[in-house]
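Student: Sequence plus the predicted model coming up.
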Amino acid sequence: MITIADTSSVAFINGIRFTSGMAGKVDSTVGINLHLTRNNVAESNNQGINVTGIRAGSTALTGQSGKIDISALGGNATGNSANSNTSAFGIDGDINGPHLGGVNLHAQAGRADSSGTGTDAAANVSAEGLTGDISGDNRAPIDVTGIAGSAIATGSGSAGAEAVVDGLDSDVEGSNYSIISAIAKGGSASADSGFADADAAAKAVDGDVDGNNYGTLTSYTRAGSATGSGTNTVRARAEGIGIYLDLEGDNIGTIRAEGYGGTAIANADAIAYAYADITGIDNGLTGENKGQIYVKAQGGSARTSADKSVEAYALAIGSKKGMGSNSGSLYVEAIGGTVQGSSSSSQLDASARAFGVGYITPAGVNNGNGVSGQFTNSGHINVRAEAGSANGTDDKAEAYGIVLKGDTNLHNSGLIDAVAIGGAGSGAYQVRADDNNLTVTAYGIRFGESLRASEGVIQANNPANVTFDNATLYV
């Protein structure tokens, strides 16, 4: 067991560091506990800290099954270019074989105040459980939390209180049997004339899962609050993804991605962003969803006094590029936020857009996202969009259960629910076909529903492209 627990004046700390020529073998009994708070008495303006459990470099680790437990807290920095950034990494490198040990990591930035100096203030946090590949299965929890601090900048300086968190920053080349969790919370940023950023971004897996997911993958983001009084952008955005690339096997477990925009206030001629953009699987699910996928995006509050872009929309997507088939549960919800701008502004966005499988841009462009060929749904796809308000008026809401990217044969013995609540232009469809040919061999409906393409079940630019081929009706 390697344990360090103190208040440190050191900026960079490693539990174990491999140098050139060292073998990457760590005995299975070795655990690492690092619990540190920065207290740099020599430099009051530099209270940042960087902590790593195992820094492997180019040497892949084998035989490491001891738990890594890390907490890192930045100090309180004042003065010129005040820095309280906090970075923490469980294992910096690859694992050759399965991951068996587990990583529990909590990183939090402190307070940075550069008042009176005209320079930047930084209280950002960056945290990663594992930076490299796992060449086998993941069989131990990876639990990572990053919380940004408070940044105050006067004069021309910018203020940063952003949180960026990855559970695994690469691939699982086998299957996932455990928990991979990434939680990011933005802080508080205030700037007189520079940028003010309080974003939060999290990915459970920032790569592929080559096998199946039997465990739980979680991405949770909550942006903070940002206030600016100059002409530079003010941001409190939430961006989250369960799996950034592909899940190449089946989802038998749970994928959960949830995000909430923060508060962005621009007191002068500036852009303000407080949107939420959340996706379960950003590329696609090659196999079948047999488990649960839950995605929720909720926009925050954005305000400017100028005729500038103000965005607090919500975008929620289940599996963007597509899915092999679905026999499980897919729930996707988008809730727009609140935006306020000048009375003449035409750049206000508090819309809500929710997609179960596939994605269409606001301009109606597909870009190869959705299903084609044979698609079977015997489970439940449930999408819901509720628009927010723009200068007191309800914005637009859109909800689509399945989007087609090409000609498709659909066998739907399950249920697809799509609900959109909003103002002018809002709409919801269980299936969006656009110009593609759709052949339906089975369809499940609730009592009172109609299968006519004009009534919210199937959207098609040309209804003649939709064919029911001796279809079985499931009620």
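Tutor: It's in.
Student: Where does pLDDT dip in the stretch 151-300 of the chain?
Tutor: The stretch 151-300 of the chain contains no residues with pLDDT under 70.
Student: so what's the spatially most central residue of the chain bridging to?
Tutor: Geometric centre of the chain, nearest residue: Gly240, 0.6 Å, by Cα atoms, centre = their mean. Here Gly240 sits in beta bridges with Ala202, Ile278, going by DSSP bridges.
Student: ok, now which ones touch it?
Tutor: 182, 184, 200-203, 219-221, 257-259, 277-279 (Cβ atoms under 8 Å, 6 or more residues apart in numbering). In this view, the C-beta of every residue, glycine as well, is placed from N, C-alpha and C.
Student: Over to Gly253?
Tutor: Asn176, Asn213, Tyr214, Gly215, Thr216, Leu217, Gly291, Gln292.
Student: Please flag which of these sit within strands.
Tutor: Among the contacts of Gly253, the ones falling in strands (DSSP state E) are Thr216, Leu217, Gln292.
Student: Out of the residues you listed, flag the one nearest to Gln347.
Tutor: Ranked by distance to Gln347 (Cβ to Cβ), these are led by Leu217 at 35.3 Å.
Student: Give me the nearest residue to that closest one, chain neighbours excluded.
Tutor: Spatial nearest neighbour of Leu217, excluding adjacent residues (Cβ to Cβ, 6 or more residues apart in numbering): Ala204 at 4.1 Å.
Student: helix/strand/coil for the one you found?
Tutor: Under DSSP: H, G, I helix; E, B strand; the rest coil, the three-state class of Ala204 is strand.
Student: Can you name the residues that contact His106?
Tutor: Ile70, Ser71, Ala72, Ala88, Thr145.
Student: Could you rerun that using 7 Å?
Tutor: Shown in contact with His106 (Cβ atoms under 7 Å, 6 or more residues apart in numbering): Ser71, Thr145.
Student: distance of it from Ile147?
Tutor: Distance from His106 to Ile147, counting by Cβ to Cβ, to the nearest Å: 8 Å.
Student: after whichever strand or helix holds Val403, next one along is what?
Tutor: Assigned by DSSP states H and E, Val403 belongs to strand 397-412. Under the assignment DSSP H and E, the closest C-terminal helix or strand after strand 397-412 is strand 415-421.
Student: Which strands or helices does the helix or strand that that next one is followed by pack on?
Tutor: Counting by DSSP H and E, the next helix or strand C-terminal to strand 415-421 is strand 427-432. Judged by 3 or more Cβ pairs under 7 Å, 6 or more residues apart in numbering; DSSP states H and E, strand 427-432 is in contact with strand 397-412, strand 415-421, strand 458-459.
Student: what's the nearest residue to Gly230 if we skip its chain neighbours?
Tutor: Of all residues not flanking Gly230 in the chain, Ser193 sits nearest, at 3.0 Å (Cβ to Cβ, 6+ apart).
Student: correct me, but the one you found touches Gly157?
Tutor: No - contact criterion Cβ atoms under 7 Å: Ser193 and Gly157 do not qualify, at 8.1 Å.
Student: Of those two, which one has the most company?
Tutor: Taking neighbours as other Cβ atoms under 10 Å, Ser193 and Gly157 compare with Gly157 leading, 24 against 19.
Student: ok, now which ones touch the residue nearest to Leu217?
Tutor: Contact partners of Ala204, counting by Cβ under 7 Å, 6+ apart, are Gly167, Ile180, Ser181, Ala182, Leu217, Thr218, Ser219, Gly242, Ile243.
Student: Next up, phi/psi of the nearest residue to Gln47 once chain neighbours are set aside, please.
Tutor: Excluding its sequence neighbours, the residue lying closest to Gln47 (Cβ to Cβ, 6+ apart) is Gly75, at 3.1 Å. Recorded main-chain torsions at Gly75 are phi -90, psi -170, according to degrees, to the nearest 10.
Student: ok, how many other residues are close to Gly75?
Tutor: Residues within reach of Gly75, counting by other Cβ under 10 Å, total 25.
Student: pretty sure it contacts Ser84?
Tutor: Yes - the criterion here is Cβ under 7 Å, and Gly75 meets it with Ser84 at 6.1 Å.
Student: list residues touching both of those two?
Tutor: With Cβ under 7 Å, 6+ apart as the test, Gly75 and Ser84 both reach Gln47, Gly110.
Student: ok, back up a step: roughly how far does the residue nearest to the centre of the chain sit from Ala257?
Tutor: Note on Gly240: its distance to Ala257, by Cβ to Cβ, is 5 Å.
Student: what touches both of these two?
Tutor: Residues touching both Gly240 and Ala257 (Cβ under 7 Å, 6+ apart) are Ser219, Ile278.
Student: strand partners of the strand or helix carrying Leu36, parallel vs antiparallel please.
Tutor: Counting by DSSP H and E, the element that carries Leu36 is strand 32-38. Partners of strand 32-38 in the sheet, by DSSP bridges, are strand 2-8 (parallel), strand 68-73 (parallel).
Student: worst average pLDDT in those strands?
Tutor: The stretch with the lowest mean pLDDT among the strands paired with strand 32-38 is strand 2-8, at a mean of 49.
Student: returning to that earlier point: helix, strand, or coil at the residue nearest to Gly230?
Tutor: Here Ser193 is recorded as coil under three-state DSSP.
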